[in-house]
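Chemist: Here is my input; please provide its structure:
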Amino acid sequence: MSTDKLAAAGDAAGGGKSPGMAILITSLATFMAGLDNLVVLVALPTIRGKLGGSLEDLEWTVNAYTLSFAVLMLFGAALGDRFGRRRVFMAGLLVFTAASAAAAMAPGIGELIAARVVQGAGAAAVMPLSLTLLTSAVPAAKRGAALGIYSAVGGLAIAGGPLVGGLVTQHLSWTWIFWINVPVGLLLIPAAWRGLAESRGPNNRLDAPGTLLVSLGILGIVYGLIRANGHDGWGAPMVAGPMAAGVVLVALFVLWEQRSSAPMLPMRMFRNRAFSAVNAGGLLQAFGMYGVVFLITQFMQSIQHMSPTEAGVRMLPWTAMPLLIAPVAGILSDKVGGRPVAVVGLALLAAGFAYWALVISPDSSYVEQLPGYLLGGVGVACFFAPLINLTMSSVDESEQGIASGSTSAMRELGAAFGIAVLTSVFTHNGGYGSGRSFVDGFIPALWVGAAAMALAAVVMLFAARPAAAQRQEQGGEPERAQPHAEPATR
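Modeler: Numbers count the residues shown, from 1 in each chain. Here you go, the predicted structure:
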């Protein structure tokens, strides 16, 4: 459905709703869901000390959230289309808030992981529907400014995640990284009821079989990867078995989507070279970035003995850089095109990881490490600044909602796979026994992360839609798509 039709539907359903209130509600909800992607990373060493658990458990503390978030995102959007977007958005907020409280009260690592699964399920409804509700609430003339605010708040979630996690963990308790969601969620639920207009989408059919197949398939693959990080080995039944089953289930998902009359992700879209490139590039970028962040935060605290706050502050040159560079990168992408800016960003990320691999040691100073943080921060900003327009311009306007959800889900999946694979590389080459052992594992993981970024840069060279396809739209004129997809905040 086009942006103008969505806006008309929203006005018809609940005229008189304040666009300003819609911006505030949806931005705060997105901030809360986005923050929980990174806020927990700096707290992992403290959680391990308080609740116990192995490196495998720490991986699941992160991946339980990103996996359920990723595989349920398109399903959450479909639920909103069928049962009402505001209603499902509020239900997602309620689930997310309750799961946050459960995570804060978790008596053990297993209970924390279970709560994180439910948290991700709530976020899977909140994130895609927040954008749809915002788009329908704001007049077309003001939509660009509204989306700019929405994107900036999403960027703050990324920039503030490690710092907030560090400050809260050190000066209050690790449990407060989850408790802070509770009052915000409880305020947003009634605010959404009063401040957002109800609307529904044209697709009122749910693809439950597709959701189940892809969820179990990806779970099997990631479960096998994480088990391989322990003492099972790659040939063990509990490693090879789940991974093989996961591959089979994902293949069945693809076959089902090709035959379904109402697929959650139409496979024909991947025949579009530009769409496939944007999705693959986003997955590879998240793969490398999250895998490296997962390990670097533990290196700073476990090996270099920084406090959680020190770790969060020292990551700011990376995490906060997008707030400074993204506007410049956005202007540059308008002048030279989004594809070259994104490719340069990925190349800078690859260079940053390669630099770390060359200089990192147990006693390397922060000044020695700083160029890697700066290269990574500028790279992230250059990659994400044009990503929305690259995604939207890769498909027809009628498919932009699905394209947005697909790209967001691919990034979450990339994060889960990156943490699992890079940790596997780390454990097979080193460990926590000493600073030297940690670095022996960390360096090859950094090279894998750098290779993923370099491959993503090559893939993104294909992220421009052929000019002939653009001219064919709207009577021969290139389509100027409205960037109303979910902002790339990871």
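Chemist: So what's the residue count around residue 237?
Modeler: Residue 237 has 9 neighbours, counted by other CB atoms under 10 Å. C-beta coordinates here come from the backbone N, C-alpha and C atoms, glycine included.
Chemist: scratch that, residue 433 is what I was asking about
Modeler: 10.
Chemist: what's the answer for residue 139, then?
Modeler: The number of residues packed near residue 139 is 11, by other CB under 10 Å.
Chemist: Touching, it and residue 19? I think so.
Modeler: Yes - look at residue 139 against residue 19 with CB atoms under 8 Å: they come within range, at 6.9 Å.
Chemist: before we move on, which element is residue 334 in?
Modeler: The secondary structure element spanning residue 334 is helix 321-336 (assigned by DSSP states H and E).
Chemist: Report all helices and strands that that helix contacts.
Modeler: When contacts are defined as 3 or more CB pairs under 8 Å, 6 or more residues apart in numbering; DSSP states H and E, helix 321-336 sits against helix 143-171, helix 338-359, helix 366-384.
Chemist: run the last query once more with 10 Å
Modeler: For helix 321-336, the elements it packs on are helix 143-171, helix 338-359, helix 366-384, helix 387-393, judged by 3 or more CB pairs under 10 Å, 6 or more residues apart in numbering; DSSP states H and E.
Chemist: tilt between it and helix 366-384?
Modeler: 40 degrees (axes from the mean of the first three to the mean of the last three CA atoms, to 10 degrees).
Chemist: would you put the C-alpha positions of helix 321-336 in CSV?
Modeler: Once side chains and other backbone atoms are set aside, the C-alpha atoms of helix 321-336 remain, and they are given as CSV (Å, rounded to 0.1, in the frame of the first residue of the first chain):
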residue,chain,number,x,y,z
MET,A,321,30.3,8.6,15.4
PRO,A,322,27.2,8.0,13.2
LEU,A,323,25.4,10.9,14.9
LEU,A,324,28.1,13.2,13.6
ILE,A,325,28.9,11.6,10.2
ALA,A,326,25.5,10.3,9.1
PRO,A,327,24.1,13.8,8.1
VAL,A,328,27.3,14.4,6.0
ALA,A,329,27.1,10.9,4.5
GLY,A,330,23.4,11.5,3.7
ILE,A,331,24.1,14.7,1.8
LEU,A,332,27.0,13.0,0.0
SER,A,333,24.8,10.1,-1.0
ASP,A,334,22.3,12.6,-2.5
LYS,A,335,25.0,14.0,-4.7
VAL,A,336,26.9,10.9,-5.8
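Chemist: can you pull the buried residues of that helix?
Modeler: 321, 322, 323, 325, 326, 329, 330, 332, 333 (16 or more other CB atoms under 10 Å).
Chemist: what's the answer for stretch 52-59, then?
Modeler: Counting neighbours by 16+ other CB under 10 Å, the buried set in stretch 52-59 is 53, 55, 56, 57, 58, 59.
Chemist: what would the helices and strands packed on helix 321-336 look like in a markdown table with distance to residue 208?
Modeler: Converted to a markdown table, these look like this (distance: least, CB to CB, whole Å):
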| stretch | distance to residue 208 |
| --- | --- |
| helix 143-171 | 29 |
| helix 338-359 | 35 |
| helix 366-384 | 32 |
| helix 387-393 | 26 |
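Chemist: With mean pLDDT, mean neighbour count and distance to residue 80 as extra columns, can I get these in a markdown table?
Modeler: Below are the helices and strands packed on helix 321-336 laid out as a markdown table (pLDDT from 0 to 100; neighbours: other CB atoms under 10 Å; distance: least, CB to CB, whole Å):
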| stretch | mean pLDDT | mean neighbour count | distance to residue 80 |
| --- | --- | --- | --- |
| helix 143-171 | 68 | 21 | 17 |
| helix 338-359 | 90 | 22 | 28 |
| helix 366-384 | 86 | 22 | 25 |
| helix 387-393 | 71 | 24 | 20 |
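Chemist: Among the buried residues of helix 321-336, which one lies nearest to residue 361?
Modeler: Nearest to residue 361 among these, counting by CB to CB, is residue 321 at 24.2 Å.
Chemist: Now the closest one: closest residue in space that isn't a chain neighbour?
Modeler: Computed as CB to CB, 6 or more residues apart in numbering, the closest residue to residue 321 that is not its neighbour in sequence is residue 377, at 2.5 Å.
Chemist: mind listing what residue 344 touches?
Modeler: By CB atoms under 10 Å, 6 or more residues apart in numbering, the contact set of residue 344 is 329, 332, 336, 378, 379, 382, 383, 457, 460.
Chemist: Against residue 77, how distant is the third one?
Modeler: Separation of residue 336 from residue 77 (CB to CB, to the nearest Å) stands at 33 Å.
Chemist: In the helix or strand harbouring residue 289, which residues are buried?
Modeler: Under the assignment given by DSSP H and E, the secondary-structure element containing residue 289 is helix 273-298. By neighbour count, with 16+ other CB under 10 Å as the criterion, the buried positions of helix 273-298 are 274-298.
Chemist: just the angle between that helix and helix 366-384, please?
Modeler: On the basis of the same axes, to 10 degrees, helix 273-298 is oriented at 160 degrees to helix 366-384.
Chemist: Following the chain past helix 273-298, name the next helix or strand.
Modeler: Taking DSSP H and E as the definition, the helix or strand that follows helix 273-298 towards the C-terminus is helix 308-314.
Chemist: ok, and for that following helix, which residues are buried?
Modeler: So for helix 308-314, counting by 16+ other CB under 10 Å, buried means 308, 309, 310, 311, 312, 314.
Chemist: Which secondary structure elements does the helix or strand that that helix is followed by sit against?
Modeler: For helix 308-314, the following helix or strand on the C-terminal side (DSSP H and E) is helix 316-319. Secondary structure elements in contact with helix 316-319, counted by 3+ CB pairs under 10 Å, 6+ apart, are helix 143-171, helix 273-298, helix 366-384.
Chemist: how about these, which one is nearest residue 198?
Modeler: For the helices and strands packed on helix 316-319, the distance to residue 198 is smallest for helix 143-171, at 18.9 Å, taking CB to CB.
Chemist: Following the chain onward from that closest one, which element is next?
Modeler: helix 176-179.
Chemist: starting at the chain centroid, how far to that following helix?
Modeler: Taking CA atoms, centre = their mean, to the nearest Å, the mean C-alpha location of helix 176-179 is offset from the chain mean by 20 Å.
Chemist: Mind listing residues that contact that helix?
Modeler: For helix 176-179, contacts defined as CB under 10 Å, 6+ apart pick out 35-36, 39-40, 42-43, 46-47, 99-106, 112, 115-116, 119, 161, 164-169, 172-173, 308.
Chemist: Now restrict those residues to buried residues only.
Modeler: Under a neighbour-count criterion of 16+ other CB under 10 Å, the subset of those counted as buried comprises 35-36, 39-40, 42-43, 46-47, 99-104, 106, 112, 115-116, 119, 161, 164-169, 308.
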